[in-house]
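> missing the sequence, but the structure's below:
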Ligand SMILES: Cc1cc2nc3c(=O)[nH]c(=O)nc-3n(C[C@H](O)[C@H](O)[C@H](O)COP(=O)(O)OP(=O)(O)OC[C@H]3O[C@@H](n4cnc5c(N)ncnc54)[C@H](O)[C@@H]3O)c2cc1C
């Protein structure tokens with residue numbers, strides 16, 4: 001049921017899900033379909049979490065719909081509906097443009113292999129061996145090899161090839177050359193082997209269709225409802241506090257930030273010392289900046305690709321990608337076809353960002369910095385869409401502060417935590433009976449596909465817990 005006020009909540013639930021991101025939504029749908037009494041409480045007035053959109057001046061802006069792997073089709077069909085899965089379509093062209101090379105690809109293994117052989121002059125067997133090693137990687141294998149070592153093994157001294165293979169992954173989840181190659185390998189194999197896909201109709205349609213499914217599966221959904229506390233009694237979840245109201249529940253599934261779930265909602269005193277040592281070692285992932293641009297009615301531009309990874313930096317450098325001194329931008333270009341029947345053109349520029357560069361800025365300086373972000377982006381985009389400044393009638397920017405405000409995630413983290421967060425997230429129920437977490441942790445469980453799949457995995461664990469209790 002769609003609830004409009006906190007007073008409408010039932011006295012108790014089998015499971016309360018805190019947060020309506022793709023992880024929380026997917027878990028709610030599965031648990032509702034399995035017959036559990038589920039409450040999904042979302043603090044924002046809109047569901048979706050980072051998979052969100054907003055409307056301004058007649059434009060619809062997608063925040064995180066740049067693309068995802070084909071696996072999303074199976075995930076939607078399995079945990080949502082056939083109708084949702086049928087909206088998945090492949091994007092046509094992804095471009096790179098930087099001082100080292102310009103490349104146009106459909107992000108399939110065949111195309112990448114040909115590019116590496118023909119443009120980057122690598123022996124074909126060598127490229128095939130690289131792909132084979134990635135395909136055979138397993139998360140439970142040895143994690144000692146770093147991305148840097150992986151690239152040194154196959155493409156020593158070739159920063160340009162590292163850029164080709166790594167830059168989109170760094171954009172997509174903040175990974176660096178020092179992280180375990182296994183995390184890169186799994187994401188690369190998902191993402192850069194069978195093409196990149198999108199949701200026809202846009203994020204708004206997808207989330208609205210998901211909400212309709214939740215209601216069909218008897219999930220109680222409430223928005224503008226902030227989850228505040230997990231009530232723990234005798235080492236088990238006994239209830240929760242939402243907007244100041246106590247509600248009984250056997251399980252809480254947090255879709256909020258992992259560290260917030262532990263420190264703020266549950267309290268460190270409820271966990272063992274060994275577990276807290278692991279928690280204290282978990283690093284947050286980086287945040288983002290974006291510039292949203294909408295074209296005046298009747299204006300258009302020629303097809304320039306769907307996704308453009310651009311950089312003015314001479315060489316690939318993951319640290320430069322988060323710098324406030326922006327050199328790298330990813331443009332997502334939305335043509336009217338994405339929302340059939342619409343004539344709207346929008347472009348979203350995304351930059352990875354470091355929260356601390358923005359957090360403490362005084363208000364006047366913050367405004368100026370946002371304006372600079374906008375002005376520099378429009379000037380840069382002119383190279384790809386000549387005359388863009390005169391074509392747009394709406395422009396706005398988001399910073400790590402915006403992401404923090406709308407998701408309540410510590411540090412405005414766009415991609416949850418680094419890979420060590422996954423173990424902590426999975427061990428939560430071992431510490432407190434009935435306490436679960438889903439959502440971006442590590443690289444594998446992040447992004448639309450990773451978050452939705454992790455939601456399904458956790459729903460299964462909640463289901464088992466409820467059954468045995
Ligand atoms: C700029 C940007 C671009 C991206 N582009 C892509 C892309 O192209 N492809 C892709 O696959 N992925 C992309 N991602 C990543 C992807 O969107 C996320 O990894 C994924 O959506 C995260 O889902 P999640 O389940 O972890 O939850 P989140 O989306 O983080 O949602 C968590 C939810 O919990 C809610 N919440 C938090 N605290 C509370 C509370 N106290 N009470 C109630 N509710 C609470 C929040 O409001 C939010 O709705 C992008 C991310 C960003 C930031």
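Everything's here; your move. Since this is a predicted model, take the numbers as computed values, not measurements. Numbers count the residues shown, from 1 in each chain.
> Indicate the residue of the stretch 101-250 of the chain located nearest to the ligand.
Minimum separation of the stretch 101-250 of the chain from the ligand (Cβ to the nearest ligand atom) falls at residue 227, amounting to 3.5 Å. Where you see a C-beta, it was placed from the backbone N, CA and C, and this is true even at glycine.
> May I have the phi/psi pair for that residue?
When quoted as degrees, to the nearest 10, the phi and psi of residue 227 stand at phi -70, psi 130.
> What count of nearby residues applies to it?
Residue 227: 26 surrounding residues under other Cβ atoms under 10 Å.
> got it, and the one 4 residues further on?
Applying other Cβ under 10 Å, we find 16 other residues in the vicinity of residue 231.
> hang on, it is in a strand, isn't it?
Yes: Residue 231: assigned to a strand according to DSSP: H, G, I helix; E, B strand; the rest coil.
> I figured it hits residue 247, correct?
No: assessed by Cβ atoms under 8 Å, residue 231 is found out of contact with residue 247, at 9.1 Å.
> shared neighbours of the two, which are they?
239-241 (Cβ atoms under 8 Å, 6 or more residues apart in numbering).
> Just the buried positions in the helix or strand in which residue 111 is found, please.
Residue 111 belongs to helix 109-114 when assigned by DSSP states H and E. For helix 109-114, burial by neighbour count (16 or more other Cβ atoms under 10 Å) applies to 109, 111-113.
> Equivalent analysis for stretch 441-455, please.
441-455.
> Looking at those residues, which two lie furthest apart in space?
443 and 455 (16.5 Å; Cβ to Cβ).
> Need the three-state assignment for residue 10.
Applying three-state DSSP: residue 10 is coil.
> wait, it sits on residue 3?
No: using Cβ under 8 Å, residue 10 is not in contact with residue 3, being 9.3 Å away.
> Which one of those two is surrounded by more residues?
Higher neighbour count among residue 10 and residue 3: residue 3, with 17 against 13, using other Cβ under 10 Å.
> rewinding a little: run through the residues that contact the residue of the stretch 101-250 of the chain closest to the ligand.
Residue 227 neighbours (Cβ under 8 Å, 6+ apart): 16, 18-19, 41, 43, 240-242, 254, 256, 265.
> one more time with 7 Å
18, 41, 240, 242, 256, 265 (Cβ atoms under 7 Å, 6 or more residues apart in numbering).
> For the ligand, tell me which of these show up nearby.
Restricting the contacts of residue 227 to those near the ligand by Cβ under 6 Å from any ligand atom leaves 18, 41, 256.
> Between those, which sits nearest residue 412?
residue 256 (13.3 Å).
> Surely that closest one is in contact with residue 17?
No: between residue 256 and residue 17 there is no contact under Cβ atoms under 7 Å: 10.1 Å.
> who's more crowded, those two?
Neighbours per residue (other Cβ under 10 Å) separate residue 256 from residue 17, with residue 17 holding more: 36 against 24.
> By mean pLDDT, which helix or strand of the chain comes out lowest?
Lowest by mean pLDDT, DSSP states H and E among the helices and strands of the chain is helix 181-191, with a mean of 82.
> What about residue 29, how many residues nearby?
By other Cβ under 10 Å, the residues close to residue 29 number 26.
> nope, residue 413 is what I was after
Count around residue 413 with other Cβ under 10 Å applied: 28.
> now the angle between helix 181-191 and the helix or strand containing residue 165, please.
Assigned by DSSP H and E, residue 165 belongs to helix 159-173. Counting by axes from the mean of the first three to the mean of the last three Cα atoms, to 10 degrees, helix 159-173 lies at 80 degrees to helix 181-191.
> which parts of helix 159-173 are buried?
So, applying 16+ other Cβ under 10 Å, buried residues of helix 159-173: 160-173.
> Of all pairs in the residues you listed, which one spans the longest distance?
Greatest spatial distance among the buried residues of helix 159-173 (Cβ to Cβ): 160 and 173, at 21.6 Å.
> a markdown table for the contacts of residue 227, including pLDDT, distance to residue 52 and secondary structure?
Formatted as a markdown table, these follow (pLDDT from 0 to 100; distance: Cβ to Cβ, whole Å; DSSP: H, G, I helix; E, B strand; the rest coil):
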| residue | pLDDT | distance to residue 52 | secondary structure |
| --- | --- | --- | --- |
| 18 | 98 | 17 | strand |
| 41 | 98 | 17 | strand |
| 240 | 98 | 24 | strand |
| 242 | 98 | 21 | strand |
| 256 | 96 | 15 | coil |
| 265 | 98 | 22 | helix |
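> Please list which of the buried residues of stretch 441-455 also come close to the ligand.
446-449, 451.
> now the residue lying closest to residue 72 once chain neighbours are set aside: how far from residue 285?
Nearest residue to residue 72 in three dimensions, chain neighbours excluded: residue 449, at 4.9 Å (Cβ to Cβ, 6 or more residues apart in numbering). Using Cβ to Cβ, to the nearest Å, residue 449 is found at 17 Å from residue 285.
> Noted, bye for now.
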